[in-house]
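Visitor: Output the structure for:
(2 chains)
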Amino acid sequence: MVNLSQTAEVKFQNSRISPYTCSYMKPTDKQKKAPQPQPKPKAKASTQIPGTVPIRFSAIIYNVIGAVISVIFLSSFFQHHDQDPNNPAETHINSGYDWMFNTMLKGNMDLIDKNPDKNLQQKYELKWGPGEIVYVNQIKTIVPDTAMVLLPPAKLFKELGYVMTQTGPVVQRLDQQGCKNFSMSDLPWITYFLYPRRFVYADSVGTDLHGATYIVSIGGWGVDRLKYLVEKPEPFMVLPITK
Amino acid sequence: MFILIFLLGFSLLFAISKDFKTTERLALAMPMGLGLTTFIMFLLDRTIHSITAGSVMASVAVLTLVLTGIRLYLDFKNQDLPWKRPRTKPDLSWLNLVWIIFAGMTAYLAYSITVKCLYFPPAEFDTILGYDLLSKAIAHEHVIANSILTNKDMVNGCGPRLLYPPLLALSNSLCYMTGMETPKLINSLFFVSWVFCAYLLLRRFLSSSGAIIFTFLAVVVPEMFAHASFSLTNLPCAIYTTLAVMSFVIWYEQKKEGFFYLSFISIIFGIWTRSEAVLFVGAILIVLLYVAIREKRYKYLLIYASSVVPFLTWNMFLKAYVPRDQAGFFITKVFYDKAKLEQVLRSAWEIMGSNNVYGMTFYIVIAGMFMILIANIGLHFGKKENKIMLGALIVWLIIYGSFGATFISLLLFAALIIAVTFINDDQWEFVLIYLLALGVYTMMFYQIKPDDGTLFSPGGWMQSGYKRGLFCYAPLGLFMVGTSKWASWAFAKMDEQLRLFNK
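Guide: Presented below is the predicted three-dimensional model:
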């Protein structure tokens, strides 16, 4: 893999390639056509000693013109268009760049500036709202890393969900308006947030606890599996199976 | 840890060849270092069955020293030690106001998206139910075949995203091993390196203004830019495949040996991120077959063909360790379904042509391809072959006007532009690799079983998978157009006028 054929280099100029790149070329596998002669540098520049050449006036003018064109180009490239309420489906030629720069990037930068010191949990809440992630954090706080947790059966997750409120999520029946499904019905999803804790669903183990030492009780489900009485039942609880 | 990985990448490039400039080595060091580190981790898993921060760091350090030692020994033998080489004078001839404005804008965008990326934790469905879940398990259990990957319920629950080649999962696990809460540093390292790599590789063909304008256009592709803050495999895969193709074109056009090996290593890392990168290997092998037949030299063909080994290795690993229900989603026989073909092509263009998704990218690519056709035919019209090509272009326009964008008309257009660039020696290999890979990639979706209705549905295979898979093709299309003979000539002329400082 190591290239040692430096000595075999053949020097020739290639007018297609910028002077910055390569004027030294290696023997080619493919026989290229004879390169066109490099355009001669302007006499004025070529007679000067490097480093002492004054900046050409024409170059300054071209740079100013180029800069103005670049600024106009970038301004129109990222120009913001407010959505027309009468035609919400309307798109502009730069709508992707507009969204990217003026909505996604600026919105997120503002959000970050306003919330610089949030922890991981709070950042998830910032992104997703105070929903299921609050319950996930509740499990994380109560259940030790090494434990196995018994989750309700799939049937229950088809009946119950949660709604987000200012004070956090509230368990509701799924047929209620604005009620969302629990993502924890998905084994990889809940495992991702709470790994290395392990999870098992009640319908996959029957009445056996399968080594679970904690239980997630939703809407009163699972209280009967505990070996003690719950004094203040809540719609969502994380409880040890034995006290 | 990450400084060591950077040094590993730097020493790898140092060992491969002296063809790379220092700036190129610096830009490429992180993606190369991360790719090589994941191979070391895989090797550690297969040998000592323990991927720990300590074992990874020790292996990375040893390999860095070995690679540096090899290079220094060879340089010593050739009496060409780096510190004895003459120093080049600083050159500011590339600097002008247009460059400053576009570079400033690109830097601002890269900075902002990096801040966003590092602030928010991973929240994408595919990373939660896939790569990052595996990363956490690798970091905690120190093996790849861990309690997640060997759990059938988990594998079936995650679907194919858990089974992608392990480059991103292993890279992410490095963050967890070193005590970070999230692996988003990896995405930022990839994206920031990508900006520099794109610019520096473009500089091999283009003047500074041209290179920075096309770097800017590649950075601001809306969907790709949004993904710069996501922890998904698509962007790293696009970065590696773009590096592979660009390096290959540099090798082919400028015969710089080191870039062949850079292309080879980059495509291996691309395949080690997502298997679909193998499509580029197929397209590059066709060019290498042509080189092999013409030159009667099979070395490059054989070397490049071996880049599929990681693809095979990973599939064998999955077969050996991962329990899963065998449910292939491809139709394995050749068939013709006109309605489905039309729908695939229509959906593909809806995504490519959507201003919200890819902005003006593919419009620029198409306009650029017409520029390549017209400039090459028109400016070399004295050539007999170009007169034939003009006739073919007129015939194609009639076919397109009559039947629209059908499979046949698109195929004929591809054949026409490849022929024109071949005849006029205008990076035909770039055009062939690009169009062949894009064509096969699109046709892959034609081969997907439509049974479950997710092929064309919102969030389904085309709307999600195809859309993200185009990340490889958006920057490459821009670069193909930007580095063409006539575009690079025009930018060189422009920079001649803008030049403020002489060399």
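Visitor: And the residue of chain B closest to chain A?
Guide: B:Pro222 (3.5 Å; Cβ to the nearest Cβ). C-beta here means a position set from N, CA and C on the backbone, and glycine is covered the same way.
Visitor: which residues does whichever residue of chain A sits closest to chain B contact?
Guide: Proximity of chain A to chain B (Cβ to the nearest Cβ) peaks at A:Gly96, 3.5 Å away. If a contact means Cβ atoms under 8 Å, 6 or more residues apart in numbering or on different chains, then A:Gly96 has B:Pro222, B:Glu223, B:Ser354, B:Asn355, B:Asn356, B:Val357, B:Tyr358, B:Gly359 as its contacts.
Visitor: For the residue nearest to the fourth one when sequence neighbours are not counted, list the residues it contacts.
Guide: Excluding its sequence neighbours, the residue lying closest to B:Asn355 (Cβ to Cβ, 6 or more residues apart in numbering or on different chains) is A:Ser95, at 4.7 Å. The contact partners of A:Ser95, taken as Cβ under 8 Å, 6+ apart, are A:His81, B:Asn355, B:Asn356.
Visitor: Just the buried ones from the residues you listed?
Guide: Buried subset of the contacts of A:Ser95 (neighbour count, 16 or more other Cβ atoms under 10 Å in any protein chain shown): B:Asn355.
Visitor: Please parse chain A into its domains.
Guide: Per the record, chain A has its domains at A:57-80+A:91-114, A:122-240, by automatic domain parsing.
Visitor: Whether the longest one contacts chain B - can you check?
Guide: The reference is to domain A:122-240. Yes - for domain A:122-240 and chain B, the contact criterion (Cβ under 8 Å from any Cβ of the partner chain) is met by A:123-124, A:127-128, A:186-189, A:191-193, A:195-196, A:198.
Visitor: Okay, B:Phe125 and B:Asp132: tell me how far apart.
Guide: In this view, B:Phe125 and B:Asp132 are 11 Å apart by Cβ to Cβ, to the nearest Å.
Visitor: and the two? which has more neighbours close in?
Guide: B:Asp132 (26 against 14; other Cβ atoms under 10 Å in any protein chain shown).
Visitor: quick one: what helix or strand has that one in it?
Guide: helix B:132-141 (DSSP states H and E).
Visitor: sorry, back to before: okay, the domains of chain A in JSON lines with mean pLDDT and distance to B:Asp495 next?
Guide: Below are the domains of chain A laid out as JSON lines (pLDDT from 0 to 100; distance: least, Cβ to Cβ, whole Å):
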{"stretch": "domain A:57-80+A:91-114", "mean pLDDT": "91", "distance to B:Asp495": "10"}
{"stretch": "domain A:122-240", "mean pLDDT": "88", "distance to B:Asp495": "44"}
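Visitor: would a markdown table of the ones you listed with distance to B:Gln497 be doable?
Guide: As requested, the domains of chain A are exported to a markdown table (distance: least, Cβ to Cβ, whole Å):
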| stretch | distance to B:Gln497 |
| --- | --- |
| domain A:57-80+A:91-114 | 5 |
| domain A:122-240 | 48 |
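Visitor: so what's the backbone phi/psi at A:Asp175?
Guide: Here is the backbone geometry of A:Asp175 (degrees, to the nearest 10): phi -80, psi 0.
Visitor: in a helix, that's where A:Gln176 is, yeah?
Guide: No - per DSSP: H, G, I helix; E, B strand; the rest coil, A:Gln176 lies outside any helix segment and is coil.
Visitor: so the nearest residue to it once chain neighbours are set aside bridges to which residues?
Guide: Nearest residue to A:Gln176, sequence neighbours excluded (Cβ to Cβ, 6+ apart): A:Val163, at 6.9 Å. Listed beta-bridge partners, A:Val163: A:Val170 (assigned using DSSP bridges).
Visitor: Can you tell me which helices and strands the host helix or strand of B:Pro31 packs against?
Guide: Using DSSP H and E, the element containing B:Pro31 is helix B:22-47. The contact analysis (3 or more Cβ pairs under 8 Å, 6 or more residues apart in numbering or on different chains; DSSP states H and E) places helix B:22-47 against helix B:2-16, helix B:53-77, helix B:167-177, helix B:184-202, helix B:234-254, helix B:257-271.
Visitor: Adding distance to A:Thr141 and mean neighbour count, write those out as JSON lines.
Guide: Output for the helices and strands packed on helix B:22-47, formatted as JSON lines (distance: least, Cβ to Cβ, whole Å; neighbours: other Cβ atoms under 10 Å in any protein chain shown):
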{"stretch": "helix B:2-16", "distance to A:Thr141": "31", "mean neighbour count": "22"}
{"stretch": "helix B:53-77", "distance to A:Thr141": "27", "mean neighbour count": "16"}
{"stretch": "helix B:167-177", "distance to A:Thr141": "20", "mean neighbour count": "26"}
{"stretch": "helix B:184-202", "distance to A:Thr141": "24", "mean neighbour count": "23"}
{"stretch": "helix B:234-254", "distance to A:Thr141": "34", "mean neighbour count": "26"}
{"stretch": "helix B:257-271", "distance to A:Thr141": "40", "mean neighbour count": "25"}
